[in-house]
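Visitor: sequence and predicted structure are below.
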Amino acid sequence: MKNVLYIGNNLKNKTSNLSGIQTLGPLLENEGFRIHYASSKQNKALRLLDMTWTCLKLFKKVDVVLIDTYSTQNFYYAFVVSQMCRLLKLDYIPILHGGNLASRLRSHPKWSKRIFENAKYNVSPSMFLKEAFDNAGFKNIIHIPNTIQIDNYAFNIRNYDAPKLLWVRSFSEIYNPQLAVHVLKEVQEVYPNATLCMVGPDADGSRKVVESLAQKLNLNVKFTGKLEKKKWIDLSSNYNVFINTTNFDNTPVSVIEAMALGLPVVSTKVGGMPYLIEHGVDGLLVEPNHAIEMSSAIVSIFENPNTRNTLINNARNKVVKFDWNHVKLIWFKALSSN
């Protein structure tokens, strides 16, 4: 049995969705791995202190350290923890999250080299980031996709009488939630009965801005706040198009989940999205921050039922490969090799 220390943001609050540590960790535990976690501290300084202290406390008891690695401030957590692992002669595996992480390779080349070149492996959930790291000269990159348990996602047949748009993400500026409201406004020019539901926690105060915009445009947008996964999946049966409005992205689990549920996806063409969705084959991709183009793509889904059905079926067939029963075999190999 492998003993694993998982370093990440193990937070349970109203301002964040489930993170990698909260999804992958329990899946590995269910497969017999003994997982230790850090950290659930809300304060960022205390969180970093807890991460480093846990490394010191457990370094003789664990075989490998997993480090959720992001492109924002959490990048520095990964740097500190990875360098401590080097000092303690502990194998560590960064898991590469965040569509803007590739920019860190350019803005922090020395720090990036210290983190990623000395890792046992770097795990990239998307081919987008794997390609970026390959091009930057890193040789120890392996692709392990974000995973779902496909049996938890009922493939529903939906009614397409009017657009019922679903948006699921944290309210954060980088995810451009305001675009969803502008898109609804444009879609209502063609389908006056179109609706929009936005699901997710308020990460940086963006929700108030979006609510004000909806009120200004006289649009009735439903805001649910943060929902447990099962609740938003149940809610999704009332909607018929999934929109992803982000300006930066990697391979978001919410989009994979939408594809599994039989929701046609219309997404901005940023970051890892073209590596997840093939335009016109299993989803539709549009330029970022372009309400008219996204609304036109949504309208096309309603005007072309044969194309719509093809997109839906191809998407479901694609994400079956993301099922844990497939993905876990790659994780077993990565965690078990010497």
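Guide: Cool, got the structure.
Visitor: any idea of the pLDDT on S16?
Guide: With respect to pLDDT, S16 has a value of 66.
Visitor: flag the helix or strand of this structure with the lowest per-element mean pLDDT.
Guide: Of the helices and strands making up the chain, the lowest-confidence element is helix 101-107, at a mean of 90, by mean pLDDT, DSSP states H and E.
Visitor: ok, C197 touching N240?
Guide: No - using CB atoms under 8 Å as the test, C197 is too far from N240 to be in contact (11.2 Å). Bear in mind the C-beta positions are built from the backbone N, C-alpha and C, glycine included.
Visitor: which one's more surrounded, the two?
Guide: More crowded of C197 and N240, by other CB atoms under 10 Å: N240, with 25 against 19.
Visitor: and L311, that's in a helix?
Guide: Yes - under DSSP: H, G, I helix; E, B strand; the rest coil, L311 falls within a helix.
Visitor: thinking again about what came up before, any residues in contact with both of C197 and N240?
Guide: Jointly contacting C197 and N240 under the rule CB atoms under 8 Å, 6 or more residues apart in numbering are K164.
Visitor: count of residues packed around E31?
Guide: 13.
Visitor: likewise for I312?
Guide: 24.
Visitor: give me every residue that touches it.
Guide: I312 makes contact with 262-264 under the criterion CB under 8 Å, 6+ apart.
Visitor: which of those residues are buried? Put it as a ChimeraX command.
Guide: Those of these that count as buried under 16 or more other CB atoms under 10 Å are selected in ChimeraX with:
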select :262,263,264
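Visitor: could the contacts of I312 go into a markdown table alongside secondary structure, pLDDT and distance to N10?
Guide: Shown next, in a markdown table, are those (DSSP: H, G, I helix; E, B strand; the rest coil; pLDDT from 0 to 100; distance: CB to CB, whole Å):
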| residue | secondary structure | pLDDT | distance to N10 |
| --- | --- | --- | --- |
| G262 | coil | 97 | 32 |
| L263 | coil | 98 | 29 |
| P264 | coil | 98 | 34 |
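Visitor: how is the protein divided into domains?
Guide: Using automatic domain parsing, the domains assigned to the chain come out as 3-147+324-336, 150-321.
Visitor: worst average pLDDT in these?
Guide: Of all the domains of the chain, the minimum mean pLDDT falls on domain 3-147+324-336 (a mean of 93).
Visitor: ends of that domain, how far apart?
Guide: 11 Å (CA to CA, to the nearest Å).
Visitor: over to stretch 226-245?
Guide: First residue to last in stretch 226-245 (CA to CA) measures 18 Å.
Visitor: next: stretch 12-27.
Guide: One end of stretch 12-27 to the other measures 18 Å (CA to CA).
Visitor: same question, stretch 173-191
Guide: Start and end residues of stretch 173-191 are separated by 28 Å (CA to CA).
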